[in-house]
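[1] Here you go, sequence then predicted model.
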Amino acid sequence: MNSASVGFQCPSCLKEGAKSTRTGRLPYGGLHSADPRLTSFVLIGINVAVWVLIRTVGSASDLASRLSLSPRGFCESTGGTFIFPDALKADCTGAHQWIPGVATGAPWQVITSAFAHVEPLHIGLNMLALYFLGPPLEQILGRARFLAVYLVSAIAGSAAVMLFAEPYSSSLGASGAIFGLMGALVIVVMKVKGDMRSILMWIGINLVFSFTFSGISWQAHIGGLIGGVVLAGAIVYAPKERRTWIQWGSVVAVSAIAIALIVVKAHALGGSPTS
C-alpha cells in the first residue's frame with residue numbers, strides 16, 4: 001500500500017483501474033467517481049451528526065438506547081443499575097425505563113446501530129478507518145458498489161449480533177461495516193494478485209482486540225467481515241458478460257439472507273411489535 005492524500009492506495013488496484021480508462025467503466029463495472037472521497041465523507045458526516053445528537057440530547061431522550069441494536073427489549077432501572085430481562089413493556093413502570101429491541105418493535109435498530117456511537121474514541125477509530133479504507137475502494141468499485149458493500153456489511157453485522165449476542169445486550173457502532181470494507185479490500189487485492197500482508201495483519205490485529213477486550217461486539221465484526229467478503233467476491237469475480245445481474249443480484253441475495261436470519265431470530269425470541 002502507498003500513502004495518498006486521503007487513505008492509501010493499492011498499486012496493483014490502480015494498474016487494474018487504469019486499464020478501464022478507455023471504456024469509461026471501472027474494472028468491475030462501476031462508474032468513475034468524480035471524487036472517490038465523497039461517499040466516505042458523507043458517511044463520516046452522518047456518523048458524526050448522529051454522535052453529536054446523542055451527546056447533546058441522548059441523556060435526556062435515551063436516544064442512544066433507541067438507536068443501538070438490542071436483540072430483545074428489556075426493562076432497566078433508571079440509570080441502568082439493574083436490569084429486568086423478563087419484564088414486558090407493560091410491566092416497565094415507575095422508576096424503570098423500557099429499552100426497545102428488534103424483537104419487540106424496534107426493527108430500525110438493524111441499520112441505525114451502524115451509525116450510532118457514544119464514546120469519542122469509538123467514533124474516532126471507526127471514522128479514521130473509513131477515511132483510509134473508503135476512497136480507494138470507491139476508486140476501484142465505483143460509488144454504488146462501494147456503498148452497497150458498506151450497507152450490506154452493516155446489516156450482516158447486525159444479523160450476527162441478533163444470532164450470537166445475548167438477547168438483552170446492546171450493540172452500536174460502524175465496526176461491522178468497517179470490517180466489511182476490510183474484507184472487500186482483501187478480495188480486491190487478491191483478485192489483482194497484490195500484496196495482502198498489510199491488510200491481513202490489520203484485520204488480524206483488530207480481530208484479536210475484538211475477542212480480547214470486553215465490551216466489543218465481536219459478533220458485529222465477524223458478521224460484517226463475512227458480509228463484505230461474500231459481496232465483494234461476487235462483485236469482483238462476476239463474469240463480465242453477466243456482471244451487472246450477478247453483482248446486484250448478490251446484493252439483494254446477501255441482504256435478504258441477513259434480513260431473513262434477523263426475522264427468524266426475532267421470532268424465536270418471542271417478540272412482537274406490541275410486546
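    Looks like it arrived, so ask away. Numbers count the residues shown, from 1 in each chain.

[2] shaky segments in the stretch 151-275 of the chain?
    In the predicted model of the stretch 151-275 of the chain, residues 271-275 satisfy pLDDT under 70.

[3] what residues are up against the closest residue to Leu53 other than its chain neighbours?
    Among residues not flanking Leu53 along the chain, Leu63 sits closest, at 6.7 Å (C-beta to C-beta, 6 or more residues apart in numbering). Where C-beta positions appear, they are placed from N, C-alpha and C, glycine not excepted. By C-beta atoms under 8 Å, 6 or more residues apart in numbering, the contact list for Leu63 reads Leu53, Ile54, Val57.

[4] Now stretch 186-193: buried residues?
    Val186, Ile187, Val188, Val189, Met190, Lys191, Val192 (16 or more other C-beta atoms under 10 Å).

[5] where exactly do the strands run in the stretch 1-150 of the chain?
    Along the stretch 1-150 of the chain, counting by DSSP state E, counting those that start in this stretch, strands occupy 2-3, 8-9, 74-77, 83-84, 96-99.

[6] outside of the fourth one, which residues touch it?
    Here strand 83-84 makes contact (C-beta under 8 Å, 6+ apart) with Phe74, Cys75, Glu76, Ser77, Asp91, Cys92, His96, Tyr168.

[7] List the pairing partners of that strand within its sheet, with orientation.
    Strand pairing for strand 83-84, determined by DSSP bridges: strand 74-77 (antiparallel).

[8] Export the partner strand to CSV, keeping only CA atoms.
    Output of strand 74-77 as CSV, limited to C-alpha atoms (Å, rounded to 0.1, in the frame of the first residue of the first chain):
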residue,chain,number,x,y,z
PHE,A,74,-35.7,-5.2,28.3
CYS,A,75,-36.6,-3.2,31.3
GLU,A,76,-33.9,-1.5,33.5
SER,A,77,-33.9,0.8,36.5
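
[9] I'd like the mean pLDDT over it, please.
    Mean pLDDT, strand 74-77: 81.

[10] cool, and stretch 111-131?
    If you average the pLDDT over stretch 111-131, you get 96.

[11] tell me which residues in it are buried?
    Under 16+ other C-beta under 10 Å, the buried positions of stretch 111-131 are 112-118, 122-123, 125-127, 129-131.

[12] Let's see the distance spanning that stretch from one end to the other.
    20 Å (C-alpha to C-alpha, to the nearest Å).

[13] what's next to that stretch, contact-wise?
    By C-beta under 8 Å, 6+ apart, stretch 111-131 touches 6-7, 40, 43-44, 46-48, 50-51, 54-55, 58, 64, 67-69, 151, 154-155, 157-158, 161, 171-178, 181.

[14] quick one on the thing from earlier: just the closest of the contacts of Leu63 to Arg143, please.
    Leu53 (26.0 Å; C-beta to C-beta).

[15] So that closest one versus Leu172, what's the distance?
    The gap separating Leu53 from Leu172 is 13 Å, by C-beta to C-beta, to the nearest Å.

[16] residues near the residue nearest to Leu141 when sequence neighbours are not counted, how many?
    With C-beta to C-beta, 6+ apart as the criterion, Leu141 has its nearest non-adjacent residue at 5.2 Å, and that residue is Gly30. Counted with other C-beta atoms under 10 Å, the neighbours of Gly30 add up to 21.
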